[in-house]
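Chemist: just coords:
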């Protein structure tokens with residue numbers, strides 16, 4: 001039997017949002033040496049902190065969605081650098097290790113819009129009464 005995953009605690013959610021905001025600020029003002037990150041605007045949509053706050057999964061994608069796997073790989077290469085910068089900005093007991101992952105929420109949203117625009121689906125939805 002598969003164990004049910006617990007929803008994140010209020011503490012995890014707050015830490016995740018705090019980390020996300022700080023990362024966005026750091027990425028906006030830093031010039032990265034990595035050629036895959038040079039001149040690329042990065043969107044950080046969500047940060048999921050582990051229950052012990054030692055690790056954090058960062059969902060990121062380049063603005064425009066081009067070269068996403070390369071950009072995320074480059075962010076993982078720069079994770080220690082970003083963790084160091086993050087540690088100077090946050091007032092946390094320990095700075096979590098960062099693991100960057102590809103953000104697919106924009107792809108999912110466009111797939112849902114395409115699905116809802118299909119004629120057989122739009123017919124069933126119809127005008128609201």
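Modeler: Everything's here; your move. Values in this document were obtained by computation on a predicted structure and should not be read as measured data.
Chemist: Could you look up the SS state of the spatially most central residue of the chain?
Modeler: Nearest to the geometric centre of the chain sits residue 59, at 2.0 Å (CA atoms, centre = their mean). Following DSSP: H, G, I helix; E, B strand; the rest coil, we place residue 59 in the strand state.
Chemist: On the strand side of things, show who it bridges to.
Modeler: In this structure, residue 59 has the following beta-bridge partners (DSSP bridges): residue 46, residue 101.
Chemist: so it makes contact with residue 43?
Modeler: No. With contacts counted by CB atoms under 8 Å, residue 59 stays clear of residue 43, the gap being 9.1 Å. In short, each C-beta sits where N, CA and C put it, glycine included.
Chemist: list residues touching both of these two?
Modeler: Taking CB atoms under 8 Å, 6 or more residues apart in numbering as the contact rule, residue 59 and residue 43 both touch residue 103.
Chemist: contacting residues around residue 83?
Modeler: 95, 96, 97, 98.
Chemist: What are the neighbouring residues in contact with residue 84?
Modeler: By CB under 8 Å, 6+ apart, the contact list for residue 84 reads residue 95.
Chemist: Share the number of residues neighbouring residue 102, please.
Modeler: Residue 102 sits with 14 neighbouring residues when counted by other CB atoms under 10 Å.
Chemist: Could you measure from it over to residue 31?
Modeler: Distance of residue 102 to residue 31, computed by CB to CB, to the nearest Å: 23 Å.
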